[in-house]
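> Here is a sequence together with a model predicted from it:
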Amino acid sequence: MTSKRAPGTRAWISIVVLLAIAVGAGPWASIARAADPIKIGLGMALTGGLAANGKPALMAMQMWAEDVNKKGGLLGRQVQLIYYDDQTKPATVPAIYSKLLDVDKVDIVMSGYGTNMIAPAMPIVIDRKLLFLGLFGLANNEKFQYPNYFQILPAGQNPAVEVSLPFWELAVKQTPKPQTVAIVGADAEYPHNALAGAREVIKKYGLKIVYDATYPPNTTDLTSVARAIKALDPDIVFVASYPPDSALMVQAAHEVGLKPKLFGGGMVGLQFTALLTKLGPKMNGIVNYDYWVPEPTLKFPGIEDFLKRYQARAEKEGVDPLGHYLPPWAYAYCQVLEHAINGTKSLDQQKLADYIRKNEHDTIVGKVKFGKNGEWETSRVLMVQYQGIETSDLEQFKKPGKRPIVAPDKYRSGTLIYPYSKVK
Amino acid sequence: MFSLDLFLNALAAGVLLGGFYAAVSLGIAVSFGLLDIANLAHPVFVMFGAYLVYTMNSRFGMDPILAGVLFTPLFFVLGALLYQLYYASFERKGAESLRGLVFFFGILFIVEVGLLLQFGVDYRLVEARYIGESLHLGPVGLPFRLLIPCVAGVSLTALLYLFLSRTFYGRAIQGVAQDAFALRLMGANPFKVKRLAFALASATASVAGALLIMIGPVEPAMNREYIGRAFAVTVLGGMGSIGGTLVAALMLGVAESLTATFYGPAWGVAVSFGVLLLALAVRPSGLFGR
């Protein structure tokens, strides 16, 4: 026997249930959303050639998320980082960001580390009109001029040029003024941009290029390159390289006796602890870019506390034990986002971008103000010279003196030893 | 900017580089050239060897070459076990071609991830008194960082050549490469012979790893850069020819170095692979292939 209910009764029950949902859904939904974390998505190089930097960068971002969550989160919600390993392969990046946006439904996307990894994410974020904070991309927005892109590398509004500008300014100040230049770099996005910028400055200063070449990124050895440069005896050798080839170039130059008046410029990797300690005295005299070193002219609020906590944790996690190169900047670009979310009380992409553009942001790497193309309004690229390194002891690099800033004058903390051969 | 000094130095650098390429390629020359096993995981074994050498060098200050030699028995045993697994899973069932390839890909990833977990992603280098110094012979400078890997690579090739051509087991390996069935009719067990050959091939990875980390910094994923190069050297040398492997490696090294010095480093690898294509067009079975 089945019970029969009048159709009218069933209809009424349905209406009541629907009304209950409609009335109740609003507050319940917002309570549920308030409990949901703010999801921040990114791809990061956790394996492959850039992983030596990618892992410490991710750790710094995790430290920021933990710091924020301890303070109660953002907009009353906890912060959750959702990340995938881009394997240092640009081809993986579009799929990662599509997944973050369409499957993980993240609220904010940030970039992974490096020019090569930022470039393939740009079309997606531009297409969806998203805020995009970049971590150490060189001139990624040069062609796009996308207004909602902001980049934490302090290379100024003309980054391809300004990343090496202090090197050239320093060179032309020397007496007698150097005349001839050799420029060399890997066949990859960053070295290409840096070399293009260098050519522009070289032309401006009336220097003569006697060697201009690139090499494949997986080159086993650079002795032949160093020797070819030596045969031309240039006054300046400018190198734009990635970590393995930076080490190979330092070793090759040392072995073939390459002694220009000024050597270095744009070598990525010499800032990493692993290479810094192993190459040790071979690096003495090289003038290379950096963004933060423990010199008295760069003491910003919070940086020392951050590094103390970072270094304790890095030891356990087996990542770069000094963390001077990228981690402070990875933490800082998260601070910019934090500042914008707190300032706008919103997750609206456009509002956040407008806020970031209009305001100055306090971070552990100092005050950050972006220019119209999303790059730092004023460049703060430093040139440091490796001096007095005698051993491979790690502790020496935690103190001032081994990497004094020799340019620009505003942050200068030491005197350039010139020419390079004087050190060798 | 041509000068005799520069030419001689470029030539020397190419020979040094070639000697190292030979050391990395030897394992592939035996496993792929003689046994017809496309061991894509060999370069990751080389990387594994490099990390073991790094550990001995950084913890105990042991000389890299000595450390590399010290670990060869371990690699020999690992190679034998790996072949046993490969044989039982694929070769015995006649499914070695494509599935075997996937198997070695899998091994490559497992070892690579293991290295990542154990050693992290930082670049690693070794220290030794002679790294950074050079031997000068007239106008030619030979950096020990490259000279020692070259000498070690050539010595390793010579030892393997002598073993394969002068010893009973060596000739058995050559025999199994030519006709495993005929070898079986002679009362020998092809499985055991192939296992020995594969183990020997794997043992060379330990020394090659030491040479690799002497030349420059390594990180776990770097092994993939050597897959193409090592197979190219093997094919150019002629499948199964150990002497051919050395000649091919020297040719590629010299082509790369001369191009980098006189024409521009961007073309170095392209020209050396151009040489490979040209040589194969003239001799499809490789320089010394039968």
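Yep, that arrived.

> Now B:G61: closest residue in space that isn't a chain neighbour?
Of all residues not flanking B:G61 in the chain, B:E127 sits nearest, at 7.9 Å (C-beta to C-beta, 6 or more residues apart in numbering or on different chains). (Glycine included, C-beta is placed from N, CA and C.)

> Please apply the same query to B:S285.
B:G238 (6.0 Å).

> burial count for that neighbour?
23 (other C-beta atoms under 10 Å in any protein chain shown).

> and it, what is it in contact with?
B:G33, B:G244, B:A248, B:R283, B:S285, B:G286, B:L287, B:F288, B:G289, B:R290 (C-beta atoms under 8 Å, 6 or more residues apart in numbering or on different chains).

> how about TSV for the residues you listed, with pLDDT, secondary structure and neighbour count added?
Shown next, in TSV, are these (pLDDT from 0 to 100; DSSP: H, G, I helix; E, B strand; the rest coil; neighbours: other C-beta atoms under 10 Å in any protein chain shown):
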residue	pLDDT	secondary structure	neighbour count
B:G33	87	helix	27
B:G244	92	helix	23
B:A248	93	helix	29
B:R283	87	coil	13
B:S285	84	coil	14
B:G286	85	coil	24
B:L287	86	coil	19
B:F288	85	coil	19
B:G289	76	coil	18
B:R290	66	coil	9
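
> buried set for the helix or strand hosting B:T204?
For B:T204, the element it lies in under DSSP states H and E is helix B:190-215. Buried positions in helix B:190-215, judged by neighbour count with 16 or more other C-beta atoms under 10 Å in any protein chain shown: B:190-191, B:193-215.

> ok so, going back, closest to chain A out of the contacts of B:G238?
B:A248 (15.5 Å; C-beta to the nearest C-beta).

> That closest one is in contact with B:G286, isn't it?
Yes: in terms of C-beta atoms under 8 Å, B:A248 counts as a neighbour of B:G286; the distance is 7.4 Å.

> now the residue positioned nearest the centre of chain A: how far from A:A65?
Centroid-nearest residue in chain A: A:F136, 2.5 Å away (criterion: C-alpha atoms, centre = their mean). Noted for A:F136: a distance of 19 Å to A:A65, by C-beta to C-beta, to the nearest Å.

> Likewise for A:G414?
Counting by C-beta to C-beta - A:G414 and A:A65 are separated by 36 Å.

> Likewise for A:G343?
Counting by C-beta to C-beta, the gap from A:G343 to A:A65 is 19 Å.

> swap in B:D36?
Applying C-beta to C-beta to B:D36 and A:A65 gives a distance of 52 Å.

> where does the closest residue to A:P400 other than its chain neighbours land on pLDDT?
Closest residue to A:P400 apart from its sequence neighbours, by C-beta to C-beta, 6+ apart: A:E295 at 5.0 Å. pLDDT recorded at A:E295 is 96.

> give the contact list for A:E295.
Taking C-beta under 8 Å, 6+ apart, one finds A:P400, A:R403, A:P404, A:I405, A:Y411, A:S413, A:G414 in contact with A:E295.

> ok, now with 10 Å
A:382, A:384, A:399-405, A:411-414 (C-beta atoms under 10 Å, 6 or more residues apart in numbering or on different chains).

> Touching, B:L164 and B:V176? I think so.
No: in this structure, B:L164 is not within contact of B:V176 by C-beta atoms under 10 Å, at 11.4 Å.

> Mind listing the shared neighbours of these two?
By C-beta under 10 Å, 6+ apart, the residues touching both B:L164 and B:V176 are B:L34, B:A197.

> Stretch A:380-396 vs chain B: in contact?
Yes: contact between stretch A:380-396 and chain B, assessed by C-beta under 10 Å from any C-beta of the partner chain, occurs at A:S392.

> which stretches of the chain have low pLDDT?
In the absence of a named chain, this looks at chain A. A:1-35, A:424 (pLDDT under 70).

> wait, I meant chain B there
B:1, B:95-97, B:290.

> can you pull out the helices in it?
Taking DSSP state H, the helices of chain B run over residues B:4-28, B:42-60, B:64-70, B:72-86, B:98-119, B:144-166, B:168-178, B:180-185, B:190-215, B:224-237, B:242-262, B:268-282.

> cool, the stretch 301-424 of chain A as well?
A:303-317, A:327-344, A:349-358, A:420-423 (DSSP state H, counting those that start in this stretch).

> Can you check what angle separates the longest one from helix A:349-358?
Interaxial angle of helix A:327-344 relative to helix A:349-358 (axes from the mean of the first three to the mean of the last three C-alpha atoms, to 10 degrees): 120 degrees.

> B:D36 and A:A65 - which one has more neighbours?
Neighbours of B:D36 and A:A65, each counted by other C-beta under 10 Å, are more numerous for A:A65; the result is 21 against 16.

> so who does the nearest residue to B:M222 once chain neighbours are set aside touch?
Nearest non-adjacent residue to B:M222, counting by C-beta to C-beta, 6+ apart: B:M47, 6.5 Å away. B:M47 makes contacts with B:108, B:111-112, B:115, B:119, B:205, B:208-209, B:212-213, B:218-224, B:226, as judged by C-beta under 10 Å, 6+ apart.

> Quick check: neighbours shared by B:A248 and B:G286?
Shared contacts of B:A248 and B:G286, counting by C-beta under 10 Å, 6+ apart, come down to B:V233, B:T234, B:V235, B:L236, B:G237, B:G238, B:S241, B:L276, B:A279.

> Buried only: go through those residues for me.
B:V233, B:T234, B:V235, B:L236, B:G237, B:G238, B:S241, B:L276, B:A279.

> wait, isn't the second one in contact with B:I37?
No: checked against C-beta under 10 Å, the pair B:T234 and B:I37 is beyond contact range at 11.9 Å.

> Give me the common contacts of these two.
In contact with both B:T234 and B:I37: B:I28, B:V30, B:S31, using C-beta under 10 Å, 6+ apart.

> which one of those residues sits closest to chain A?
Closest to chain A, out of all of the shared contacts of B:T234 and B:I37 and judged by C-beta to the nearest C-beta, is B:I28, at 16.2 Å.

> on that earlier part again, greatest separation within the buried ones among the shared contacts of B:A248 and B:G286: which pair is it?
By the measure C-beta to C-beta, B:S241 and B:L276 form the most distant pair in those, at 15.0 Å.

> Spell out which residues of the stretch 301-424 of chain A are next to chain B.
So far as C-beta under 10 Å from any C-beta goes, the stretch 301-424 of chain A lies against chain B at A:E317, A:G318, A:V319, A:D320, A:P321, A:S392.

> go again using 8 Å as the cut-off
Neighbours of chain B within the stretch 301-424 of chain A, by C-beta under 8 Å from any C-beta of the partner chain: A:G318, A:V319, A:D320, A:S392.

> The second one against A:A57, yeah?
Pointing back at A:V319 there. No: counting by C-beta under 8 Å, A:V319 stays clear of A:A57, with 9.2 Å between them.

> So for the two, which sits in the more crowded spot?
Comparing A:V319 with A:A57 by neighbour count (other C-beta under 10 Å), the higher total belongs to A:A57, at 31 against 25.

> which residues touch the closest residue to that one other than its chain neighbours?
Counting by C-beta to C-beta, 6+ apart, A:A57 lies nearest to A:A330, which is 3.9 Å off, once chain neighbours are set aside. Taking C-beta under 8 Å, 6+ apart, we find A:A330 in contact with A:P56, A:A57, A:L58, A:A60, A:M61, A:W64, A:Y113, A:L135.

> Please tell me how far A:A330 sits from B:L258.
43 Å.

> Then A:P419?
On the measure of C-beta to C-beta, A:P419 and B:L258 end up 31 Å apart.

> Domains in chain A, by residue range?
Using automatic domain parsing, the domains assigned to chain A come out as A:36-154+A:300-368, A:161-290+A:387-423.

> quick one, which of those domains is nearest to B:L8?
It's domain A:161-290+A:387-423; of the domains of chain A, that one is closest to B:L8 (C-beta to C-beta) at 10.4 Å.

> now that closest one, how far from the centre of its chain.
Distance of domain A:161-290+A:387-423 from the chain centroid (C-alpha atoms, centre = their mean, to the nearest Å) equals 20 Å.
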